[in-house]
Each structure stands twice: as structure tokens, then as C-alpha cells.
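S.K.: Let me see the structure of the following:
(chains A and B, ligands or ions: 2)
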Amino acid sequence: MSLFDYFFPRKPASASVAKERLQIVLAHERSGRDGTDFLPRLQKELLAVVTKYVAVEEDMIRVSLGKAGNASVLEINVEVPHTAKPTPAHAAPA
Amino acid sequence: MGKVIVVTSGKGGVGKTTTSAAFAAGLALRGHKTVVIDFDVGLRNLDLVMGCERRVVFDFINVINGDATLNQALIRDKRIDNLHIFPTSQTRDKDALKREGVDWVMRELRNEFEYIVCDSPAGIEHGALTALYHADAAIIVTNPEISSVRDSDRIIGILAAKSRRAEKRESPVEEHLLLTRYSPERVKKGEMLSVEDVKEILSLPLLGIIPESPTVLKASNTGMPVILDPASPAGRAYEDAVARFIGEQREMRFVLPERRSLLRGWFGRAAS
Ligand SMILES: Nc1ncnc2c1ncn2[C@@H]1O[C@H](COP(=O)(O)OP(=O)(O)O)[C@@H](O)[C@H]1O
Ligand SMILES: [Mg+2]
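M.R.: Ligands and ions are numbered 1, 2, ... in the order given. Next up is the predicted model:
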């Protein structure tokens, strides 16, 4: 480090700071979009199908899109209470 | 069948209305029958920038509600043949642009005009979505500044997901980057994102660079699209952008600071 740099430390130009910050925030925002729009609708439709067979509440179905290695994983969790009754219309004939 | 061009950005105040006026005027000057539509319901401004505010009788909402015909609402520009202005309404009901009504209007305009330039409001709400829905091409107006670039990225995502072309799985909306309010001097000093930076971040083809210029305010003060001012650097840059849009090759200007000799700078100052 020269004496000059010591007295006048050079800051990176503000434009390059801006560029770096943008690249980081946009990488994050882009990964969160494209395709994940459909999750709420998928959850609704799943609920409609599942409730035909067992009585479950809305918050008992969770849908999420995750990553495992290079693959995207669509994870669907359906919680079924012990006491869940088959929905009458679909109950097996006696 | 006319081509619908949306001028959009996400962020407000970046130059959408200035660009819509200049672009529509530029297309019409080249002999293309063009209409420019204000989609900024409640914040009508295009009429002022185009200098026809005193000739507005009927507006977009009147037409949609069937209170006026399209021809009654369209204002013919007095300076430029082939150019028409379709003003928006000052209603405070932002959702007044009903889907079916807008669909019908756009169908009519496509039959009547070669180019339909849509001046989008800021934001990503109903107004902005309505403006971009019918687009065949989009001009993404961006300032070399972080929040504007980020909002442009957002709008690019929305174009790919929510436009009619996306919905109908047709070929995607043709996208063009227009970098406005650019100061080559400040870029050189490292104070402003460069055109290369913005191109790299947004990865869009560059339609033009519009320099920051006091002539833009002067033009809007007098209600004249800046492209009509032969002395305006911004006007020249818009002219180039229009030429590129319709397929001409034009070298980029206003990338580097203007070379000004020190002497001329000194004498120029002494003289004024
Ligand atoms: N190239 C430019 N140089 C200087 N001022 C500009 C330029 N482009 C736009 N402006 C100014 O910026 C302000 C916002 O422009 P406007 O076109 O109304 O933006 P928007 O429609 O995106 O809100 C106006 O005052 C306009 O005069
Ligand atoms: Mg505007």
C-alpha cells in the first residue's frame, strides 16, 4: 500500500457497488418467481379432491417447491387427523 | 393488423410518458398510422405532454361505457399526420378499465392503426397489467439507477407470465430495453450504472440510450413531443430508437461524454 493510498483510501466506485447489490438481489428474486405462482391454486385444488375422501381443513395441506441437488422437488404434505371420518358420499358400501 | 407496443417500467417518473409521446410521434413522422393511449387512469398526463389537453372531450372510460364512440374520443394531432391521441379518464376508480371493454377497444384500434402505443402507469397493479396485457412488443424504460433496474426486472417477469401472449402460449412479447436519463459523464466518474451494466443485468437487447437533457422539460412545458425539437439530443436519440425499432441499423450515440475542448469550455463560459 502506497503512502498515497493510506491518506486517500480508494473506495470502489459507487456504480460498481450498485451493480453487485443488484445482481445479488435479482438472483434471489428471480429464483422465487417463474412457476411458483401456481402453488396456491394447486393447494386449493388438492384440498377440493382430498375433502371428497376425508375431512381435512385447509391448513392441513401444505405445498412447497424445494430443491434437492439439481432437481426441483414438489413437496405435498397432507395431515390426516386420527379422528378423520371418510366423507359420507365416498364411504365404502357396508 | 396493428402492432401493440407497451411502454412500461414498474417504477414511476423514469420517462414512460415522455417516451410514449416521442415514440408515437416518431412512428407517425415516418408515415405509420399511429395512436398513443394513456392507460394512467386518474393521472392523465399524456394530453399535456402531447399538447392537446384542451381538446379532450371524451376519454377511454366514456368509450368503454358506451357513452362515446372511439372516433369521438380520438384526438387527431395538429402537427403530425397519421398521429392520434386517446386520452384516459380522470376518474378515481382505478379499476374502471374493464377487461372486456379494453379487449374490444384494442381490437378496434388494431384494425384501424399500424401501431398502438400504450403509455403504462407505474406499479404492477390493475392499470399496469391492463396496459401490458395486449402487447406484442414492450419498451422497458429504465434509468441507470438500482430501484429502476430492479423494477424493470420485475416487469419483465410479469410480461412473461401475465400478458395475453403468455396466457395464450403464443410467441413471447418482443422486449426492448430503453435506457433513459443517461449521463455519460457520471458513468465515466463511476457514479452511475453504465449501459453495459444494465444490459448485462437485465439481459435485454438495447433499443436506445436517451441522454439526460434539459430539452425534455422544455418540450413538455410547451406540449411538444421532444422528438420534434431538432436541437434536442434526447430527441435525436428517440429518433434513432424509433428507426431501430422498425429494423434500421443505427449506431448508438450518447454512450460517451461529449468531447469538449478545455478552451471552448472556458471561452464559452466567459461569453455567456
Ligand atoms: N431524458 C430526460 N432528460 C431529462 N429529463 C427527463 C428525461 N426523460 C424524462 N425526464 C423528466 O422526468 C420526469 C418524468 O418523466 P415521465 O415521462 O412523466 O415519466 P413516467 O411517465 O415514467 O412517470 C418529467 O419531468 C420529465 O420531463
Ligand atoms: Mg407517465
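S.K.: ok, the closest residue to ligand 1 within chain A to B:Ala241 distance?
M.R.: Ligand 1 sits closest to A:Ala15 of chain A, with a gap of 18.6 Å, by CB to the nearest ligand atom. Any C-beta I mention is one placed from the backbone N, CA and C, and that applies to glycine too. Remark: distance between A:Ala15 and B:Ala241 (CB to CB, to the nearest Å) = 23 Å.
S.K.: Break down chain A into its strands, ranges please.
M.R.: Remark: strands assigned in chain A by DSSP state E are A:61-68, A:71-78.
S.K.: Next: chain B.
M.R.: B:3-8, B:34-38, B:75-76, B:83-86, B:115-119, B:137-142, B:174-182, B:206-211.
S.K.: Can you lay out those as CSV showing distance to B:Glu125, mean pLDDT and mean neighbour count?
M.R.: CSV is the format used below for those (distance: least, CB to CB, whole Å; pLDDT from 0 to 100; neighbours: other CB atoms under 10 Å in any protein chain shown):
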stretch, distance to B:Glu125, mean pLDDT, mean neighbour count
strand B:3-8, 12, 98, 26
strand B:34-38, 16, 98, 28
strand B:75-76, 27, 98, 16
strand B:83-86, 21, 98, 26
strand B:115-119, 15, 98, 27
strand B:137-142, 17, 98, 26
strand B:174-182, 21, 98, 23
strand B:206-211, 26, 98, 23
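S.K.: Can you say which of the strands of chain A is packed in most?
M.R.: strand A:61-68 (a mean of 13; mean count of other CB atoms under 10 Å in any protein chain shown).
S.K.: pLDDT on it, on average?
M.R.: The predicted model assigns strand A:61-68 a mean pLDDT of 78.
S.K.: Give me the sheet partners of that strand and which way each runs.
M.R.: strand A:71-78 (antiparallel) (DSSP bridges).
S.K.: if we can go back for a sec, relative to B:Ala96, which of the strands of chain B is closest?
M.R.: strand B:34-38 (13.0 Å; CB to CB).
S.K.: helices or strands next to that closest one in the packing?
M.R.: Packed against strand B:34-38 by the contact rule (3 or more CB pairs under 8 Å, 6 or more residues apart in numbering or on different chains; DSSP states H and E) you find helix B:16-29, helix B:46-49, strand B:83-86, helix B:99-112, strand B:115-119.
S.K.: For ligand 1, find the nearest of those.
M.R.: It is, among the helices and strands packed on strand B:34-38 and with distance given as CB to the nearest ligand atom, helix B:16-29, at 3.4 Å.
S.K.: That closest one: how far from the chain's middle?
M.R.: 6 Å (CA atoms, centre = their mean, to the nearest Å).
S.K.: For A:Ala15 and B:Ala241, work out which one has more neighbours and name it.
M.R.: In this view A:Ala15 and B:Ala241 are compared by other CB atoms under 10 Å in any protein chain shown, and B:Ala241 has more residues nearby, 25 against 20.
S.K.: In the helix ranked longest in chain B, which residues are buried?
M.R.: For chain B, the helix that runs over the most residues, judged by DSSP state H, is helix B:146-162. Buried residues in helix B:146-162, counted by 16 or more other CB atoms under 10 Å in any protein chain shown: B:146, B:148-159, B:162.
S.K.: same thing with stretch B:183-191?
M.R.: B:Ser183, B:Pro184, B:Arg186, B:Val187.
S.K.: List the residues that contact the second one.
M.R.: Which is B:Pro184. Contacts for B:Pro184 were tallied using CB atoms under 8 Å, 6 or more residues apart in numbering or on different chains; they are B:Pro211, B:Phe254, B:Val255, B:Leu256, B:Pro257, B:Glu258.
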